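Visitor: sequence and predicted model, in that order:
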Amino acid sequence: MIASVAFRNFKALRSTSLTLSPFNLVIGPNGSGKTSLIQAILQLRTLARLPLRDAHAEAERRPEGAEITFRFQPPHDGLEASLSCVSDKMCDLLQIIPLTTGEGVDDWAGLKARLFTVRSYLFDHEAIAVPSPSKDQGELAANGGNLAPVLDARRRNHPEAFARLTAELFRILPEYDEIDFIELPGGVMDLKLRIADENEWLISRSLSQGTLYVLALLALVFDPAPPAIVCIEELDRGVHPRMLREMRDLLYRLSYPKETGADNTPVQVIATTHSPYLLDLFRDHPEEVVITEKHGATARFTRLDECADLTNVLSSGSLGDLWFSGVIGGVPEDK
Amino acid sequence: MKLAVLSESPADEAAIAVLVEAVLKRKFTRVQPSLRARGWPSVAQVLPSIIRHLHFNTDADGLVVVVDSDDSVVHTAPHEAPEYYHPMCRMCQLRAIFRQTMKKLPPAHGRDRVLRGVGIAVPAVEAWYLCGLEETVTEANWIAGQEAQQSPYTRRELKARTYGTERPTLQQETEIAVREARRHAHDTRRLEYDFPGFAALAKDLRAWPQIG
């Protein structure tokens, strides 16, 4: 979907650019621009909903202000989207620039429709565990808070997708063998899982963080109307290191559906992590790893496959250990 | 017989179990929880602790360790000479770790030591799964490639050829790994011939005393 993003003076991202793959795992120290990347994409989604700014706004644009430039994959590689600031507090000038080559020059409407579907998540087990309004059945909320009504609606409206989701859930977490939903007083809903081989049900408040996160991720992966881009912060959160392979596999189903036997439209995934164990899983795919670096107040992006002498570097240790050691970058600066 | 298997993934573990049973010509029970390593050099780092744990805290009869050679020096016949040790060969390193760790251990659970089974998949375990299906995938070809400084295939290519994709799910990987291991289980001679790193494991296993 998004082919590349170039930043100028956007928070710590003073001058850096990044080519995006179908799947992108972003690693780096705190405050190095991982979340800023996601925020920039969300800002593009927000501004795409609004009418494009008048041409005279261009004259108001501050030359030294923040600017973020997006390029896209076919069928919209003939368009460039540029976000820039007209004042210190207003970064809301979106310009769509036709390029001299590429497809979709006249299809801003089509691109816009895809951008509307961009979603970003930072799952919160506390929010998921609180029963949520039964009517809140639309998109999964950014914190996963409405997971129960979303899944309940999925079960009723898309039984096949729901069956695939539950089959995968019980394969990954074989300690459970049934899921159900409970209408509670006050028009709110909760979910519950049955412990396999026992007639005991656990409501969401009694489920582990990791179980709730896996459920939320499954809700995304088996969405019958998947978004164009999914951003997930702290993918490894609450999940045992040995379960991370399953999490990666689930997201690969989104990004590379054909390779994994799924039939959905490819979804571009941008995930962040601080887990060396998750990073270990990308040893054979360095092109999918984005490293953010921060030097002083300036941050920049590099891709792992751009590291000099990568083959030799990888031969000496696990990728996660190499990251922690500082050999591949993406570590906090010493004070 | 109770064995522990140290491998890099549940898929590898499932396939290795099939191969070990084929060589031993008997079923075994696995020590729980299953052991897992994060790849080299983590295997070498955790192995002494694992050996000590199995020796003192479990009734395991043996430990099977299989790791990928990646681009390291491949274990060859000269390495088998008495007192020979190649510091860049993973087989030499793992055997040395077993030797050094076990020589300090007093008997426990009615046995002197946990039996050792070490295999090195050159360059990756997927090469074992392709053995007999792709003539060019052999340990000898890999070594020839190393000498000519031109690898005949990459780990990534081996994965794609084995699983039909560079990004198999764990489920796909396990199904195919076990299927190919079962193919070899009927007759392991081809795998032993083409992959001395597997033959070394088979030799270790066959040298074990009859237990149970």
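Guide: Alright, I've got the coordinates. Numbering: from 1, shown residues only, chains lettered A, B, ... in the order given.
Visitor: how about the residues of the stretch 201-335 of chain A near chain B?
Guide: Contact residues, the stretch 201-335 of chain A versus chain B (Cβ under 8 Å from any Cβ of the partner chain): A:242, A:245-246, A:249, A:252-253, A:256, A:259-261, A:277, A:280, A:283-285, A:311, A:315-318, A:320-321. Yep, even glycine has a C-beta here, placed from its N, CA and C like the rest.
Visitor: pick out the residue closest to the middle of chain B.
Guide: B:Val66 (2.1 Å; Cα atoms, centre = their mean).
Visitor: same thing with chain A?
Guide: Note: chain A centre (Cα atoms, centre = their mean) maps to A:Cys231, 1.4 Å.
Visitor: that one reaches A:Arg119, doesn't it?
Guide: Yes - if you go by Cβ atoms under 8 Å, A:Cys231 and A:Arg119 touch, sitting 7.1 Å apart.
Visitor: and the gap between the residue of the stretch 101-250 of chain A found nearest chain B and A:Asn143?
Guide: At 4.2 Å from chain B, A:Asp249 is the closest residue in the stretch 101-250 of chain A, using Cβ to the nearest Cβ. Using Cβ to Cβ, to the nearest Å, A:Asp249 is found at 24 Å from A:Asn143.
Visitor: thinking again about what came up before, quick one: the residue nearest to the centre of chain B is in a strand?
Guide: Yes - assessed by DSSP: H, G, I helix; E, B strand; the rest coil, B:Val66 belongs to a strand.
Visitor: residues contacting it?
Guide: B:Val5, B:Leu6, B:Ser7, B:Asp12, B:Ile16, B:Val118, B:Gly119, B:Ile120, B:Ala121, B:Val125, B:Leu201 (Cβ atoms under 8 Å, 6 or more residues apart in numbering or on different chains).
Visitor: number of nearby residues for the residue lying closest to the fourth one once chain neighbours are set aside?
Guide: Distances taken as Cβ to Cβ, 6 or more residues apart in numbering or on different chains put B:Val125 closest to B:Asp12, at 5.4 Å, once the chain neighbours are dropped. B:Val125 has 28 neighbours, counted by other Cβ atoms under 10 Å in any protein chain shown.
Visitor: you'd agree B:Val125 is up against B:Gly39?
Guide: No - using Cβ under 8 Å, B:Val125 makes no contact with B:Gly39, being 11.6 Å away.
Visitor: next, the contact list for B:Glu8, please.
Guide: B:Arg36, B:Ala37, B:Arg38, B:Gly39, B:Val67, B:Asp68, B:Val125.
Visitor: what sits against the last one?
Guide: If I follow you right, that is B:Val125. By Cβ under 8 Å, 6+ apart, the contact list for B:Val125 reads B:Glu8, B:Asp12, B:Ala15, B:Val66, B:Asp68, B:Ala177.
Visitor: what do you get for A:Glu168?
Guide: Neighbour list for A:Glu168: A:Leu218, A:Val221, A:Phe222, A:Leu250 [criterion: Cβ under 8 Å, 6+ apart].
Visitor: low-scoring stretches of chain B, by residue?
Guide: B:212 (pLDDT under 70).
Visitor: could you look up the SS state of B:Gly39?
Guide: coil.
Visitor: could you pull out the helices for chain B?
Guide: Assigned by DSSP state H, the helices in chain B fall at B:10-24, B:42-57, B:90-102, B:125-130, B:139-147, B:155-163, B:170-185, B:189-194, B:196-206.
Visitor: let's have these in JSON lines, adding distance to A:Lys112.
Guide: Below are the helices of chain B laid out as JSON lines (distance: least, Cβ to Cβ, whole Å):
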{"stretch": "helix B:10-24", "distance to A:Lys112": "43"}
{"stretch": "helix B:42-57", "distance to A:Lys112": "47"}
{"stretch": "helix B:90-102", "distance to A:Lys112": "54"}
{"stretch": "helix B:125-130", "distance to A:Lys112": "44"}
{"stretch": "helix B:139-147", "distance to A:Lys112": "51"}
{"stretch": "helix B:155-163", "distance to A:Lys112": "37"}
{"stretch": "helix B:170-185", "distance to A:Lys112": "37"}
{"stretch": "helix B:189-194", "distance to A:Lys112": "56"}
{"stretch": "helix B:196-206", "distance to A:Lys112": "56"}
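Visitor: deepest of the ones you listed, which one?
Guide: Sort those by mean neighbour count, taking mean count of other Cβ atoms under 10 Å in any protein chain shown, and helix B:125-130 sits at the top with a mean of 26.
Visitor: max pairwise distance over the contacts of B:Glu8: which two?
Guide: Using Cβ to Cβ, these reach their maximum pairwise distance at B:Arg38 and B:Val125, which is 15.2 Å.
Visitor: out of the helices of chain B, which gets nearest to A:Ala40?
Guide: Counting by Cβ to Cβ, and looking across all of those, nearest comes helix B:155-163 at 31.3 Å.
Visitor: tell me how far that closest one lies from the chain's centre.
Guide: 18 Å (Cα atoms, centre = their mean, to the nearest Å).
Visitor: contacts for it, please.
Guide: A:284, B:68, B:70, B:123-124, B:126-127, B:129-130, B:134, B:137, B:153, B:165-166, B:168, B:172-173, B:176, B:180.
Visitor: appreciated, that's everything.
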